[in-house]
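Chemist: only geometry, no sequence info:
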């Protein structure tokens, strides 16, 4: 039933404007007007007609009165009010009454949960410079079960602009940036993945980066794939930051960190540069990734570990590589348990044996590391190379290590 109080209010408003009633009697032969079929329709029509006729104060009163009605019953009133606000968007920043109308509308449309209004709500967002209203709009958008891809892409573009602006040194509205992150996370669109990674790696103030990470973790997306893509695209000077952000976070699982380390190693390997600073950066990244892979070996990354070992030993032999990198590369191969790793270390030991035969002794610490990890791998293919160590001119400590390794590979 129509509430007497609200209907009386509408009558008063319309009468003040010189309107004699809610509808005119149909003229003879006029079939364009239809009598409302229910009291609810009568009341909705009264709201709609009244909204068109009154000033901003009256519009606010109508919207407030309609708040007592079920939202699905008066939904057209609030979409009409939304269009009114948008059409007057150029004054929204200064007109407090228009802002009040917008606030009421956004709240009711959120309650309605009808995602069809999402594009127009986003249009309202772009017209508003008011943080409170912007936050309300984003709350409404995030409450919808889904929105169109077009709306998501517009939000992504806005957040991208904010990130670029902040990176450039200009202040941004961090509250709105954080709310955009939360909204995109709640909507769960794959289209938001890359920008959320950028938010994380930009290390924006507050908890925005953490929220972006949490949002990605909740979405049905591959964290490793997203960060690997960002790492591959990044300039050399930014790669370390991306690596650190991912590895330092508590959100990725250990398996995800291991997979990411494998990608990083693969991506950095084989990139040649004459820039000593960049070369050192890449070597450090490789070393960090190898440590993760050594602690959590995965068989499929063995070829990259072999390539890393090859690169490290060449750099060491030429005088610009660190021995610690070589030793960690050897240890990582020893953890794989893979025949390919044993074959590569065996071939290297055979080369060292050749050097020893030619009275060109090799670094003892590296020789011992190779023997120790051949023992760990336990592959009989290493037997001949290890046996040669026991009869060539090696120090007694090296020969003893070789004999122990022989026992391991022949068990």
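Modeler: Yes, it's here. Remember, it's a predicted structure, so these values are computed and weren't measured experimentally.

Chemist: alpha carbons only for contacts and neighbour counts from here, please
Modeler: OK.

Chemist: ok now the helix or strand encompassing residue 46, how far from the chain's centre?
Modeler: Using DSSP states H and E, residue 46 sits within helix 39-53. Chain-centre distance of helix 39-53: 46 Å, with Cα atoms, centre = their mean, to the nearest Å.

Chemist: Give the buried residues for it.
Modeler: Under the neighbour-count criterion of 16 or more other Cα atoms under 10 Å, helix 39-53 has 40, 42, 43, 44, 45, 46, 47, 48, 49, 50, 51 buried.

Chemist: The last one contacts residue 57, doesn't it?
Modeler: What it means is residue 51. No. Here residue 51 does not reach residue 57: they are 10.2 Å apart, not a contact under Cα atoms under 8 Å.

Chemist: re earlier: which one of the buried residues of helix 39-53 is nearest residue 70?
Modeler: The closest of those to residue 70 turns out to be residue 40 (Cα to Cα; 10.1 Å).

Chemist: what does the model give the closest one for pLDDT?
Modeler: On pLDDT, residue 40 comes in at 86.

Chemist: go on, the one 10 residues further on?
Modeler: At residue 50, the pLDDT value in this model is 94.

Chemist: same check, this time on residue 213
Modeler: 91.

Chemist: measure residue 352 to residue 191 for me?
Modeler: 53 Å (Cα to Cα, to the nearest Å).

Chemist: what's the burial count for residue 330?
Modeler: 28 (other Cα atoms under 10 Å).

Chemist: which residues touch it?
Modeler: 309, 345, 369, 370, 373 (Cα atoms under 8 Å, 6 or more residues apart in numbering).

Chemist: Try it again at 10 Å.
Modeler: Residues near residue 330 by Cα atoms under 10 Å, 6 or more residues apart in numbering: 294, 305-306, 308-309, 312-313, 324, 341, 344-345, 366, 369-374.

Chemist: same thing with residue 161?
Modeler: 155, 167, 172.

Chemist: ok, and the most crowded of these?
Modeler: residue 155 (21 neighbours).

Chemist: For whichever helix or strand comes after the helix holding residue 46, give the mean pLDDT please.
Modeler: Tracing the chain past helix 39-53, the next element assigned as helix or strand by DSSP H and E is helix 56-66. Mean pLDDT, helix 56-66: 95.

Chemist: Same check on stretch 146-159?
Modeler: In the prediction, stretch 146-159 has an average pLDDT of 95.

Chemist: Could you do stretch 315-322 as well?
Modeler: 88.

Chemist: ok, now stretch 244-253?
Modeler: Rounded mean pLDDT across stretch 244-253 is 93.

Chemist: Pull the residues that contact it.
Modeler: Outside of stretch 244-253, the residues within contact range by Cα under 10 Å, 6+ apart are 197, 200-203, 209-210, 213-214, 216-217, 223-224, 227, 241, 254, 256-261, 285, 288-289, 292.

Chemist: Repeat the analysis, applying 8 Å as the threshold.
Modeler: Contacts of stretch 244-253 (Cα under 8 Å, 6+ apart): 200, 201, 213, 214, 217, 223, 227, 257.

Chemist: How far does it stretch from one end to the other?
Modeler: 15 Å.

Chemist: Report the buried residues of that stretch.
Modeler: Per 16+ other Cα under 10 Å, stretch 244-253 contains these buried residues: 245, 246, 247, 251, 252.
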